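A.B. asks: Here is my input; please provide its structure:
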Amino acid sequence: MPYIGEASTLQNTVDVNICGYFFMSVEAGKLMRENGGGSIINVASINGVSPGIFQGIYSVTKAAVINLIKVFAKECAQFGIRCNALLPGLTDTKFASAW
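C.D. replies: The predicted model follows:
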């Protein structure tokens with residue numbers, strides 16, 4: 001059975017990694033549309049393509065970010081707004097040091 005973690009951790013990760021990206025991208029897109037274009041760049045993760053062990057919900061939310069930006073790219077192109085996602089791998093940070 002996959003590791004899921006606590007319900008509060010699940011909700012917090014979804015709120016930050018999906019809802020946060022969605023609402024910020026919507027608001028940025030509105031401003032860019034009013035101003036003739038721009039670029040939305042969201043940071044996903046390689047885990048969105050190749051899930052990490054014991055990183056299930058994180059990997060799922062980063063996959064959602066990748067698909068979110070694909071949808072935004074299709075819907076915003078007509079307004080001169082480019083949309084891309086960065087997919088970095090493991091980065092040497094305090095948080096990642098546990099891995």
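
A.B. asks: Helices of this structure, start to end?
C.D. replies: Using DSSP state H, the helices of the chain run over 7-14, 21-34, 56-76.

A.B. asks: Could you tell me which residues make contact with the spatially most central residue of the chain?
C.D. replies: In the chain, the residue lying closest to the centroid (C-alpha atoms, centre = their mean) is V65, at 3.1 Å. Shown in contact with V65 (C-beta atoms under 8 Å, 6 or more residues apart in numbering): N17, I18, Y21, N42, V43, A44, S45, G48, A85. In short, each C-beta sits where N, CA and C put it, glycine included.

A.B. asks: which of the helices of the chain sits most buried?
C.D. replies: Comparing those by mean neighbour count (mean count of other C-beta atoms under 10 Å), helix 56-76 ranks first with a mean of 18.

A.B. asks: one step back: which one among the contacts of V65 gets closest to F72?
C.D. replies: Nearest to F72 out of these is N42 (C-beta to C-beta; 8.5 Å).

A.B. asks: count of residues packed around the closest one?
C.D. replies: For N42, the tally of surrounding residues (other C-beta atoms under 10 Å) stands at 21.

A.B. asks: ok, back up a step: comparing the helices of the chain, which gets the lowest mean pLDDT score?
C.D. replies: The weakest mean pLDDT among those belongs to helix 7-14, with a mean of 88.

A.B. asks: about what we covered before: tell me the buried residues within the contacts of V65.
C.D. replies: Listed as buried from those are N17, I18, Y21, N42, A44, S45, G48, A85; burial here means 16 or more other C-beta atoms under 10 Å.

A.B. asks: Now do the contacts for the third one.
C.D. replies: What that stands for is Y21. Y21 neighbours (C-beta under 8 Å, 6+ apart): N42, V65, L68.

A.B. asks: quick one on the thing from earlier: adding distance to K94, write the helices of the chain out as TSV.
C.D. replies: TSV is the format used below for those (distance: least, C-beta to C-beta, whole Å):
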stretch	distance to K94
helix 7-14	18
helix 21-34	22
helix 56-76	16
